[in-house]
Each structure stands twice: as structure tokens, then as C-alpha cells.
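# okay, here's the prediction I keep looking at, along with the sequence it came from:
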Amino acid sequence: IPLYPPSEFVELKKNFPSETCNTIFTLMQKLNDWDFNVFEVQQTLTGAYTYEGLVSQPNGGSLFLVTYCIMVKHGLLEKFNINERILLNWLSMVEAGYHPNPYHNSMHAADVLHVTNFILTAGGMVGIAKLSSEEVFAALFAAAIHDYNHPGINNNFHIKAQTYLSTLFNDKSILESVHLSCVFELMKLDEFNLFECFNEETKRNLKDIIIEMVLATD
């Protein structure tokens, strides 16, 4: 696995005061706990968990950090030989693809991802449902992207206004279809193709699970 070069990591850390790094490391110790505070993570990284801290996240925000840490905790990079550079590229674009909406924003996605991970691990779903590593990966992926490119208006608005998207998706799970299609379109580019390490059958299975989970949020 192409590891993140230590020299680059040191360089990136210079963007944060040592106090900020210490705070982040302390907050992330509770990542597997129910009372993990995504608001504090966002505020520490960007200065606020409101619009001001979501509209610009030059060093990454809570979604970037929470997704990366959860992937690492599950050992998914090593298990699937995921290219770390592609993962970081993908995380940057996914986080940037969330608009600074009052609710459906990247911090909300980080919060949903944390709860999903809690249900899978401390909640016992992995063992109870006998989930494979691929299914765990798909669930985490779906949680991270489930509101990607959300415009801040709901499906009912699209249907009532008869927008282009309502026609395109036949008034069915309009926004959920947008979230999915935009991410999968992004992944057609090699530098963001998080599925490049999987064979065709596994890719199809992953997509089926992710699509089913995101459509279920309608």
C-alpha cells in the first residue's frame, strides 16, 4: 500500500498549532464511543461548526478525519490493499461536495458515519448479522456519502416544482439518486476511484449494498 509519506504528514501538521493537534488526538480517542462529539472535532479543525466552519475547510473537516480514522481502525486499507493516496483524494472531494447547509452538510455526514460505525461495532451488528469485511466497507461508504451534493431542499420540493431532477428520476428518491450518481460519476476518474482495488464482482456487490442503503434514507 502506498503509504502517506511521513515528510508530507509532518508538513501538513505545520498547518495546525500543537495545541490543536493535541485536542484532535484527545477527541478522536472517543471515536468508538456513543458520546463522541463531532461538533467539537469540526470546531477544532475549522474554527466553527456553523456555516463559517463548513463553507471553507482548507485543512479538512470532521467528515474527512472521521472517515479516514474509521477506515484505519477497521484495517480496511490493508485488508483490501486500498491506495491511501486515492482514499485521501476521494475523501477530499467527497467532503468538498457537501454544501454548507444548516443540516445536510459534511459534519452531519460525519455524525451519521460515527453512529453507523457504533452500531456495527459496539452495537454488535457485525457479529449478529455475520457481516463480511466488504459489507462493513459498503456500510461505512454509504454513511459517508449519503447526502453528498445535497442542495438543501427536499424531494417534495422537486416534485411540487417539477424540476429537471424530478423528471430525470421519475419522482422517486430524487436526492438519494443524486447523491449516489454524483459519487459514482466522480469515481470514474482514476485519482478518485476507491474501487480500483476490487474485482468486478466485488465492485458490483459493493454498489448494490451502497445503493440500497442510500435509497433507504428517503
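Looks like it came in fine. Numbers count the residues shown, from 1 in each chain.

# tell me the average confidence for stretch 105-120?
Throughout stretch 105-120, pLDDT has a mean value of 98.

# list the buried residues for it?
By neighbour count with 16 or more other CB atoms under 10 Å, stretch 105-120 contains the buried residues 105-114, 116-118, 120. No exception for glycine: its C-beta is placed from N, CA and C like everyone else's.

# now for the residues you listed, which pair is the farthest apart?
Spanning the widest gap among the buried residues of stretch 105-120 are 105 and 120, at 23.0 Å by CB to CB.

# what's the distance between the most centrally placed residue in the chain and residue 88?
Central residue of the chain (CA atoms, centre = their mean): residue 144, 2.5 Å from the mean position. As judged by CB to CB, to the nearest Å, residue 144 and residue 88 stand 13 Å apart.

# now swap in residue 33 and tell me
Distance from residue 33 to residue 88, by CB to CB: 25 Å.

# ditto for residue 74
Distance, residue 74 to residue 88, by CB to CB: 17 Å.

# neighbour count winner among these two?
residue 74 (18 against 15; other CB atoms under 10 Å).

# contacting residues for that one?
By CB atoms under 8 Å, 6 or more residues apart in numbering, the contact list for residue 74 reads 133, 136-137, 140.

# mind running it again at 7 Å?
For residue 74, the contact set (CB atoms under 7 Å, 6 or more residues apart in numbering) comprises residue 136.

# again with residue 46
Residues in contact with residue 46 (CB under 7 Å, 6+ apart) are 53, 57, 61.

# secondary structure, pLDDT and distance to residue 200 added to the residues you listed, as a markdown table?
Converted to a markdown table, the contacts of residue 46 look like this (DSSP: H, G, I helix; E, B strand; the rest coil; pLDDT from 0 to 100; distance: CB to CB, whole Å):
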| residue | secondary structure | pLDDT | distance to residue 200 |
| --- | --- | --- | --- |
| 53 | helix | 95 | 40 |
| 57 | coil | 91 | 34 |
| 61 | coil | 95 | 33 |
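
# any stretches of the protein with poor pLDDT?
1-16 (pLDDT under 70).

# where do the helices sit along it?
Along the chain, counting by DSSP state H, helices occupy 6-13, 18-28, 38-46, 51-55, 62-73, 76-80, 84-96, 106-120, 125-128, 133-145, 155-161, 164-168, 174-186, 200-215.

# residue 194: which of these is closest?
For the helices of the chain, the distance to residue 194 is smallest for helix 84-96, at 4.8 Å, taking CB to CB.

# helices or strands next to the closest one in the packing?
Contacts defined by 3 or more CB pairs under 7 Å, 6 or more residues apart in numbering; DSSP states H and E place helix 84-96 against helix 62-73.

# so which elements touch the helix it packs on?
helix 38-46, helix 84-96, helix 106-120, helix 133-145.

# okay if I get those helices as TSV plus distance to residue 17?
As requested, these are exported to TSV (distance: least, CB to CB, whole Å):
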stretch	distance to residue 17
helix 38-46	10
helix 84-96	22
helix 106-120	21
helix 133-145	28
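
# among these, which comes closest to residue 70?
Among the helices and strands packed on helix 62-73, helix 106-120 comes nearest to residue 70, with 5.1 Å by CB to CB.
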